[in-house]
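model the structure of this input:
(one chain, ligands or ions: 1)
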Amino acid sequence: MQIKEFELIGKRLFSEGLVGGNFGNMSLKTAEGFWITKSGSYLDEPGELKFVSNEGVFESGASSEWRVHHQSYNSTGKGAIVHAHPGYSVAASFYYDEIIPEDSEGKMLCPLIPVVTGEPGTDLLARNVSEALRMSPVVIAKGHGTFSMGKDLKEAYLLTSIVEHSCKIIYLMGGFGGLSL
Ligand SMILES: [Zn+2]
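Presented below is the predicted three-dimensional model:
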């Protein structure tokens, strides 16, 4: 079990302000399913992880967003997901249906970031996020947060950081109502 990697990534998410309080969640795929953080856990001190099988059988106490992770792994086959609540990304999602980064890293690594709808914990959110993750490694759930997918937690975290940076740059350029993309 890679609990140390969960803790390390959780600490980075906190130190960059990409999550606050006991929000957000992370998961790591295995052959039989995936390990996910507990509902209400602090990502820098995740404690014990919960397992969800490929068939969608979940241990009680698993993050309430396990459906999004389950459908996303089924849809893409990739290895890890980070869900965070970064401020600029959430704010941008109220203004744009898709976000086109202006900065070089964003252009290279996530040139078109889809914004999807669906209430937290619902099948609709799981379906919309998993479909969008086939086109882009990061999506933003409108008014809620980012879902980033990578080969491991580090890559998923880096994508979260890049998207937040791209949204911040757009804001600093006068976006979010000021700049039409
Ligand atoms: Zn959330």
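
the residue nearest the centre of the chain and Glu102: what is the separation?
Nearest to the mean C-alpha position of the chain, by CA atoms, centre = their mean, lies Phe147 at 2.0 Å. Separation of Phe147 from Glu102 (CB to CB, to the nearest Å) stands at 22 Å. In short, each C-beta sits where N, CA and C put it, glycine included.

and Leu124, by the same measure?
31 Å.

more crowded one of those two?
Neighbours were counted for Leu124 and for Glu102 using other CB atoms under 10 Å; Glu102 has more, 15 against 12.

test my guess that that one contacts Leu172.
No: under the criterion of CB atoms under 8 Å, Glu102 is not in contact with Leu172, lying 9.8 Å apart.

starting at the chain centroid, how far to whichever strand or helix holds Asn74?
Assigned by DSSP states H and E, Asn74 falls within helix 66-76. Put simply, helix 66-76 sits 12 Å off its chain's centre (CA atoms, centre = their mean, to the nearest Å).

and it, what does it pack against?
For helix 66-76, the packing partners by 3 or more CB pairs under 8 Å, 6 or more residues apart in numbering; DSSP states H and E come out as strand 25-29, strand 33-36, strand 50-53, strand 80-84, helix 123-132, strand 145-150.

and if we set it to 7 Å?
strand 33-36, helix 123-132, strand 145-150 (3 or more CB pairs under 7 Å, 6 or more residues apart in numbering; DSSP states H and E).

pull out the buried residues from stretch 136-145.
136-142, 144-145 (16 or more other CB atoms under 10 Å).
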